[in-house]
Every structure is written in C-alpha cells, then in structure tokens.
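A.B. asks: return atomic coordinates for the entry below.
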Amino acid sequence: MLPATQSRLVRGDAQTGEENMAVDAEMLRVAVEEDLATVRTYFWSEPTVSLGHFQARGPVSLPDQFRDLPVVRRLSGGGAILHHHELTYSIALPKSHSLREHPTQLYEIAHEIIIELLAEAGINARMRGDDAFEDESFLCFLRGDARDIIIGNHKVVGSAQRRRQGAILQHGSLLLAQSNFAKELPGVSELTGIEIPVDRFAEQFLNNLCHRLNLIPEEL
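C.D. replies: Residues are numbered from 1 along each chain as shown. Next up, the predicted model:
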C-alpha cells in the first residue's frame, strides 16, 4: 500500500471555465508549496472549450462550431476538450507522494476506478491499450492514447497531466452525453442507453481514489 498522505477532498458545483481552472491552479500550488494533495470532481456552468497547455502556446484556430463559446487554457497537456455534458475530475499530488516516481501510474489508477464504476452501472468499458493510434486532431476525444477509456471504439474518458517541481496535476473528463457542439462525439448515454447517476458516481470515484492512493481526506 502507498504511504498515507494528508489531502483535501472537493465535490465541486458547476462553475465557469475560468473559475474551474483557477481552482485547479490553486490545487497545484498547494501541492507544490504546502505538500498537500487534493482530489476534486466538478462540472461546467456553460459549454466551454479548454485548450491543452502546450496547444495554447501558439496561435489556435477554433473550428467554426466553437467560435462563440468561452475558451480557457488548462494547466494539463493534450488536445482541446469541449466541456459540456461531462463529469470532470482533477488530482493534485505533492512531491512527497510516492507516485511522483511513477506518475503515469496515476492514469491507470484513476481509469481503473472509472472502469470499475461503469461496470457496476452495467457498462462494459476498457482502456484502449494496443488499439492506440497517432493523431493530432484538435479535439482530445478524437485522439487515441493507450490509456483512454473506450466503449466499443469510442473514447469516453481522456486524461492529461502537468508536473511542477515534483508535484503532479492530472485532469480527466468522462463524456456523459453528446453535445450539440460536437455531434461527432457520442457519450455514455448514446453508446449504452444508460444514464449514469452522476452525483453518486462522483462520490464513489473520490472515495475509491482516496483509498487507492492512500489519501487521508478532509472534505471541503
């Protein structure tokens, strides 16, 4: 078992993109400066496009369907994400946490928990694994990383990281349902006909994550 780490547990309400990114930036600051972990789930108050940290460094040409939407920059990398009908999570671990030596394991731990919870809801999902492919599409959910969670051939969860002074920030999005702004991306609802009880799902995810990472949570 991983050594115990003191942490904050945050169940966030729907906020704007700027507000959500500010909270995640504060989580990373606290991990770096105060040696404290934070795990969080949250929602978006309006459809919003987030650009990956490195994607946002240069000029970005938005697809036409996104031109009237708010745009924010994530601290984590990867492609752009349309945040609409989704559950988002973020994890910030300080450098004192043992996973700093193997940060990619954090993807696997978070995604294994999501797959297990989807299975409890009657949904068969898996990590993409050997079906990964190279793609530099604008949208993250059109790319094909080995650690993506897929239902059939469709990506429903993608995650990305940012590392700073030994601390790790990881973002991930569970696509609950299709957005009118990205009809090429079906969500869990369209792919399975199952509506996930999202509040309970989020609570179970946080609890299971704290257990797997051996975090001692103080709920905020």
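A.B. asks: drop to CA atoms for contacts and neighbour counts, all remaining ones
C.D. replies: OK.
A.B. asks: just the strands in this structure please.
C.D. replies: 5-15, 37-44, 48-51, 71-73, 81-83, 86-93, 126-127, 149-151, 154-164, 167-175, 215-219 (DSSP state E).
A.B. asks: and those: which comes nearest residue 100?
C.D. replies: Residue 100 lies closest, by C-alpha to C-alpha, to one member of these: strand 167-175, at 6.9 Å.
A.B. asks: adjacent strands (with direction) for that closest one?
C.D. replies: In the sheet, strand 167-175 lines up against strand 86-93 (antiparallel), strand 154-164 (antiparallel) (DSSP bridges).
A.B. asks: mean neighbour count, distance to residue 64 and mean pLDDT added to those, as a markdown table?
C.D. replies: Shown next, in a markdown table, are these (neighbours: other C-alpha atoms under 10 Å; distance: least, C-alpha to C-alpha, whole Å; pLDDT from 0 to 100):
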| stretch | mean neighbour count | distance to residue 64 | mean pLDDT |
| --- | --- | --- | --- |
| strand 86-93 | 24 | 21 | 97 |
| strand 154-164 | 22 | 22 | 95 |
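A.B. asks: make CSV out of those strands and add distance to residue 117.
C.D. replies: Output for the strands paired with strand 167-175, formatted as CSV (distance: least, C-alpha to C-alpha, whole Å):
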stretch, distance to residue 117
strand 86-93, 13
strand 154-164, 13
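A.B. asks: for residue 179, find the nearest of these.
C.D. replies: The nearest among the strands paired with strand 167-175, by C-alpha to C-alpha, is strand 86-93 at 9.5 Å.
A.B. asks: return the residues in contact with the residue minimising distance to the centre of the chain.
C.D. replies: When C-alpha atoms, centre = their mean is applied to the chain, the residue found nearest the centroid is residue 172 (0.8 Å). Counting by C-alpha atoms under 8 Å, 6 or more residues apart in numbering, residue 172 touches 88-90, 157-160.
A.B. asks: could you rerun that using 10 Å?
C.D. replies: 41, 76, 87-91, 107, 110-111, 148, 157-161 (C-alpha atoms under 10 Å, 6 or more residues apart in numbering).
A.B. asks: pull the most distant pair out of these.
C.D. replies: Pairwise distances across the contacts of residue 172 peak at 18.4 Å for 41 and 148 (criterion: C-alpha to C-alpha).
A.B. asks: before we move on, back to that, which of the strands of the chain has the lowest average pLDDT?
C.D. replies: Mean pLDDT values for the strands of the chain show the minimum at strand 215-219, a mean of 79.
A.B. asks: tell me the buried residues in that strand?
C.D. replies: Neighbour counts using 16 or more other C-alpha atoms under 10 Å place 215, 217 of strand 215-219 among the buried residues.
A.B. asks: mind giving me the packing neighbours of that strand?
C.D. replies: strand 5-15, strand 37-44, helix 198-213 (3 or more C-alpha pairs under 10 Å, 6 or more residues apart in numbering; DSSP states H and E).
A.B. asks: if we go to 7 Å?
C.D. replies: Of the remaining helices and strands, those touching strand 215-219 by 3 or more C-alpha pairs under 7 Å, 6 or more residues apart in numbering; DSSP states H and E are strand 5-15.
A.B. asks: parallel or antiparallel, list what pairs with the strand it packs on.
C.D. replies: strand 37-44 (parallel), strand 215-219 (parallel).
A.B. asks: returning to that earlier point: need the nearest residue in space to the residue nearest to the centre of the chain, chain neighbours excluded.
C.D. replies: Distances taken as C-alpha to C-alpha, 6 or more residues apart in numbering place residue 159 nearest to residue 172, at 4.0 Å, with adjacent residues excluded.
A.B. asks: noted, bye for now.
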